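> coordinates only, sequence not included:
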């Protein structure tokens, strides 16, 4: 990815916050009712995420990874505990305000990208900005720049569902970046990719973290990628059971 105006603007705006704790979970509990039973999805999770972190989260199915992601994103209010992002208690916000905050501050990459099939790649990538209130021409210009950053400007006018899995994930990454977010949340971003495309996606995420100063949180089952971040977090039975930090050389 070239260090374009978008990335340089982000680094300039957020350089002073580089070593701050930007996400903090305190004693977060999440219980679900299933019939007459109660499922304890999270059992008192404490986590601090620094701006410089690339955190890889793994653990068996049902350990609470997806619930943790949804809580950080402001999608599911915890039963107990507090979640702050840049000192903002996100669950003290009105739901509409929290949704706007999520749109502006988080970029989300899914295992299966979701597309509006009647729109081409460029229009799908620019859509988050239009939803935020940007003018269509401004949103399209921003989307064109991000597609160029990632090296898929030639795919702008194709229909996303007609692309390969690797190309779709690159387009999904562009959509996640178009709002210039602080934090990239990646949920199994290599799950449907071949090894070459998966390695390329990991390289993009590492570059975003190291060169472009984005915070990255990623969930993956792929053992080959567990050591690709700056921290590795293992979850089991609704708890963080190990948090390993890697020193950058």
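Happy to help now that I have it. Everything numeric in this text was worked out from a predicted model, so none of it was measured.
> So residue 63 is in contact with residue 242, correct?
No: using Cβ atoms under 8 Å as the test, residue 63 is too far from residue 242 to be in contact (12.0 Å). For every residue, glycine as well, the C-beta is placed using N, CA and C.
> ok, the two, which is more surrounded?
Taking other Cβ atoms under 10 Å, residue 63 and residue 242 do not tie; residue 63 has more neighbours (21 against 11).
> which regions of this protein lie under the pLDDT threshold?
Residue ranges of the chain with pLDDT under 70: 1-19, 247-249.
> Please determine how far the residue in it sticking out farthest from the centre is located from residue 164.
Farthest-out residue of the chain from its mean C-alpha position, per Cα atoms, centre = their mean: residue 36, at 34.0 Å. Per Cβ to Cβ, to the nearest Å, residue 36 is found 47 Å from residue 164.
> Kindly state the beta-bridge partners for the residue nearest the centre of the chain.
By Cα atoms, centre = their mean, the chain has its centre lying nearest to residue 185, at 1.3 Å. Bridge pairing for residue 185 (DSSP bridges) gives the partners residue 108, residue 217.
> where along the protein do the helices fall?
Applying DSSP state H to the chain gives helices spanning 5-14, 65-72, 95-105, 121-132, 136-150, 165-177, 195-210.
> Could you export those helices to a markdown table, including columns for mean neighbour count and distance to residue 234?
Formatted as a markdown table, these follow (neighbours: other Cβ atoms under 10 Å; distance: least, Cβ to Cβ, whole Å):
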| stretch | mean neighbour count | distance to residue 234 |
| --- | --- | --- |
| helix 5-14 | 14 | 29 |
| helix 65-72 | 21 | 10 |
| helix 95-105 | 15 | 26 |
| helix 121-132 | 21 | 32 |
| helix 136-150 | 18 | 30 |
| helix 165-177 | 23 | 25 |
| helix 195-210 | 17 | 19 |
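> possible to save those as a markdown table with distance to residue 217?
Below are these laid out as a markdown table (distance: least, Cβ to Cβ, whole Å):
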| stretch | distance to residue 217 |
| --- | --- |
| helix 5-14 | 16 |
| helix 65-72 | 7 |
| helix 95-105 | 13 |
| helix 121-132 | 19 |
| helix 136-150 | 20 |
| helix 165-177 | 12 |
| helix 195-210 | 10 |
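> just so I know, which of the ones you listed lies nearest residue 50?
Nearest to residue 50, of all those, is helix 195-210, at 11.2 Å by Cβ to Cβ.
> what angle sits between that closest one and helix 165-177?
20 degrees (axes from the mean of the first three to the mean of the last three Cα atoms, to 10 degrees).
> what's the angle between helix 195-210 and helix 136-150?
Using the same axes, to 10 degrees: helix 195-210 against helix 136-150 is 110 degrees.
> Please enumerate residues in contact with helix 195-210?
1, 52-54, 150, 164-166, 169-170, 173, 177, 184, 186, 189-190, 193, 214-216, 218, 222, 224-225, 228-230 (Cβ atoms under 8 Å, 6 or more residues apart in numbering).
> Which ChimeraX command selects the buried ones in these?
A single ChimeraX command suffices to select whichever of the contacts of helix 195-210 are buried according to 16 or more other Cβ atoms under 10 Å:
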select :1,52,53,54,150,165,166,169,170,173,177,184,186,189,190,193,214,215,216,218,222,225,228,229,230
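> where does residue 120 fall, phi/psi-wise?
phi -80, psi 180 (degrees, to the nearest 10).
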